[in-house]
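>>> test case, fold it:
(chains A and B)
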Amino acid sequence: MNNRLRVLRAERRWSQQDLADRLDVSRQSVNAIETGKYDPSLPLAFRIADIFQMTIEEIFLREEEVKAAE
Amino acid sequence: MTGKAGIKPEKRRYLVRIILAMALYLGSLFAAEVLIEDQGMTGWPAYLLAALPGLAFASIFWIFARLVVEERDEFFRLLYIRQMMVATGLTLTAAAVWGFLETYLPVDHIRAFWWPTIWCLGLGIGAIYNKLTLGTYGECA
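Here you go, the predicted model:
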């Protein structure tokens, strides 16, 4: 699943480890989510949304949205 | 999760359990060699002692299962499950194929304790599979 995690993180000048510490997950988890190799569970997606003070839909993109943007 | 340094509690428990299991395995193996092989122990104590190394080895399955249950990082849980699936698939496939080879062809017999050993090697192959497909070996490669 595509997402805006890398951009949002970069805007705040956080490293993957910084975000991982805030989420209480491993840096590898953040990397896997950012690269679309792993889709987080709903509870983790909510934690991510809370940290960025956004909704899940603003961070994680539906496939149709990605295709429409292209 | 653990910050930049330190070892996670669940990982520490995993390592301690592995060390204890291996100590029990080596100790019981040594005892079986001395008491059964060298001194000729017989009867139910010999059966019990002969089963102990196998039980110690089998505790690896319980230890890895506990790691999956106790791991707080959901991505690592996925990695461990995939490792176990690769290891189990490889081991059962090898056992099934070798069983029929033994039945129909003049190949060497493989003692059953090699199958869990192959399963442990399969965990390593599973970790490589994780690295190739998900970009990381995980923490228990």
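>>> contacts, neighbours, all on C-alpha from now
Fine.
>>> just the mean pLDDT for the longest helix along chain A, thanks.
Looking only at chain A and at elements set by DSSP state H, the helix with the highest residue count is helix A:42-52. Mean pLDDT, helix A:42-52: 97.
>>> name the residues that touch it?
A:8, A:22-23, A:55-56, A:59 (CA atoms under 8 Å, 6 or more residues apart in numbering or on different chains).
>>> which residues in chain A form helices?
Using DSSP H, helices in chain A cover A:5-11, A:16-23, A:27-34, A:42-52, A:56-59, A:63-69.
>>> now swap in chain B and tell me
B:9-32, B:43-70, B:74-104, B:114-134.
>>> dump those into TSV; add mean pLDDT, distance to residue A:29 and mean neighbour count as well.
Output for those, formatted as TSV (pLDDT from 0 to 100; distance: least, CA to CA, whole Å; neighbours: other CA atoms under 10 Å in any protein chain shown):
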stretch	mean pLDDT	distance to residue A:29	mean neighbour count
helix B:9-32	95	16	16
helix B:43-70	94	16	16
helix B:74-104	97	6	17
helix B:114-134	95	10	18
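>>> dump the ones you listed to a markdown table, plus distance to residue A:69.
Below are those laid out as a markdown table (distance: least, CA to CA, whole Å):
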| stretch | distance to residue A:69 |
| --- | --- |
| helix B:9-32 | 43 |
| helix B:43-70 | 39 |
| helix B:74-104 | 29 |
| helix B:114-134 | 26 |
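>>> with distance to chain A added, can I get those helices in a markdown table?
Formatted as a markdown table, the helices of chain B follow (distance: least, CA to the nearest CA, whole Å):
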| stretch | distance to chain A |
| --- | --- |
| helix B:9-32 | 13 |
| helix B:43-70 | 14 |
| helix B:74-104 | 6 |
| helix B:114-134 | 6 |
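>>> of all those helices, which one comes closest to residue A:39?
Closest to residue A:39 of the helices of chain B, according to CA to CA: helix B:74-104, at 9.0 Å.
>>> tell me what that closest one is packed against?
Other elements packing on helix B:74-104 under the criterion 3 or more CA pairs under 8 Å, 6 or more residues apart in numbering or on different chains; DSSP states H and E are helix B:43-70, helix B:114-134.
>>> change it to 10 Å
helix A:27-34, helix B:43-70, helix B:114-134 (3 or more CA pairs under 10 Å, 6 or more residues apart in numbering or on different chains; DSSP states H and E).
>>> does the shortest one come close to chain B?
So the one you mean is helix A:27-34. Yes. Residues of helix A:27-34 are located near chain B by CA under 10 Å from any CA of the partner chain, namely A:27-33.
>>> which among those gets closest to chain B?
residue A:29 (5.7 Å; CA to the nearest CA).
>>> give the closest residue to that closest one in space, chain neighbours not counted.
Counting by CA to CA, 6 or more residues apart in numbering or on different chains, residue A:29 lies nearest to residue B:75, which is 5.7 Å off, once chain neighbours are set aside.
>>> need the contact list for the one you found.
A:25-26, A:28-30, A:32-33, A:38-41, B:81, B:134, B:138 (CA atoms under 10 Å, 6 or more residues apart in numbering or on different chains).
>>> all set now, cheers.
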